[in-house]
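S.K.: Compute the structure for the input listed below.
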Amino acid sequence: MPRKRLQQLDPIMVINAYAQGIFPMADHHGTIHWYAPDPRAILEHDNLHISRSLRATIRKGIYQIRSDTAFETVMRLCSAREQTWINESFIATYTQLHHAGLAHSVEAWKDDMLVGGLYGITLGAAFMGESMFSHATDASKVCLVSLVHHLKARGYLLHDTQFLTPHLQSLGVTEISRSVYEHRLHQALQKHCTWNE
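M.R.: Residues are numbered from 1 along each chain as shown. Sure thing, here's the model as predicted:
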């Protein structure tokens, strides 16, 4: 019996969906579903919670933080778990968006090994966080702190994290209604921000 082909994602369709507050995820069969949760999880940058131990890790400079040097690898490491919605179709499409300057990664390196990272989509002054991974203590959290500093410095207005989880809640993520989210997304899309100088 032939294997079922993965549904393909069109990069333009994906970006148009994000601009309307909708994002895709795949189930374990590879079927793509589209979501616009209500409520919606966001991170207000001034509410980022940095624990004492995380501050100590950052202060020690254990990890070297880089951006956009291993985007596809970050995606693959984010997908390397028992249950994942990131399949080859997602990796191919989001890597195309990365090459187009619309998807970015923040990476934690130690001894030239990639030990933590996250990635997301940028549109206007909005950052849509997609996933993160950590293979060393606090590595992904250090990436998040670095990301927040970067987004604040570049003038981003909205940091979408999609769904609220206990882990994200511990970092200061909260929820807003879909209608409030759509209003804030509309405002963010009116402003032009650049990821790099």
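S.K.: Retrieve the pLDDT associated with Trp85.
M.R.: The model reports Trp85 with a pLDDT of 86.
S.K.: swap in the one 3 residues further on?
M.R.: Glu88 carries a pLDDT score of 94 in this model.
S.K.: same deal with Glu82?
M.R.: The model's pLDDT for Glu82 equals 77.
S.K.: And the helices in the chain, which stretches?
M.R.: Under the criterion DSSP state H, the chain contains helices at 11-18, 52-60, 71-79, 88-99, 139-154, 166-170, 178-189.
S.K.: could these be laid out in TSV, adding distance to Glu197 and mean neighbour count?
M.R.: Just so you know, the C-beta spots here come from the backbone N, C-alpha and C atoms, and that holds for glycine as well. Output for those, formatted as TSV (distance: least, Cβ to Cβ, whole Å; neighbours: other Cβ atoms under 10 Å):
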stretch	distance to Glu197	mean neighbour count
helix 11-18	23	16
helix 52-60	23	12
helix 71-79	19	19
helix 88-99	18	17
helix 139-154	9	20
helix 166-170	29	12
helix 178-189	20	16
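S.K.: closest one to Trp195 among those helices?
M.R.: Closest approach to Trp195 among those (Cβ to Cβ): helix 139-154, 7.0 Å.
S.K.: ok now the closest one, how far from the chain's centre?
M.R.: Its chain's C-alpha centre lies 11 Å from the corresponding centre of helix 139-154 when counted by Cα atoms, centre = their mean, to the nearest Å.
S.K.: can you give me the mean pLDDT across it?
M.R.: Here helix 139-154 scores 98 as its mean pLDDT.
S.K.: same for it, what does it pack against?
M.R.: If contacts are counted by 3 or more Cβ pairs under 8 Å, 6 or more residues apart in numbering; DSSP states H and E, helix 139-154 sits against helix 52-60, strand 64-67, strand 103-110, strand 113-123, strand 126-134.
S.K.: Each with direction, which strands does the last one pair with?
M.R.: Its sheet considered, strand 126-134 pairs with strand 113-123 (antiparallel), strand 158-162 (parallel) by DSSP bridges.
S.K.: Report the spatially nearest residue to Trp109, omitting neighbours in sequence.
M.R.: With sequence-adjacent residues excluded and distances taken as Cβ to Cβ, 6 or more residues apart in numbering, Trp109 is closest to Gln64, at 4.6 Å.
S.K.: got a list of what that neighbour touches?
M.R.: By Cβ atoms under 8 Å, 6 or more residues apart in numbering, Gln64 lies in contact with 108-110.
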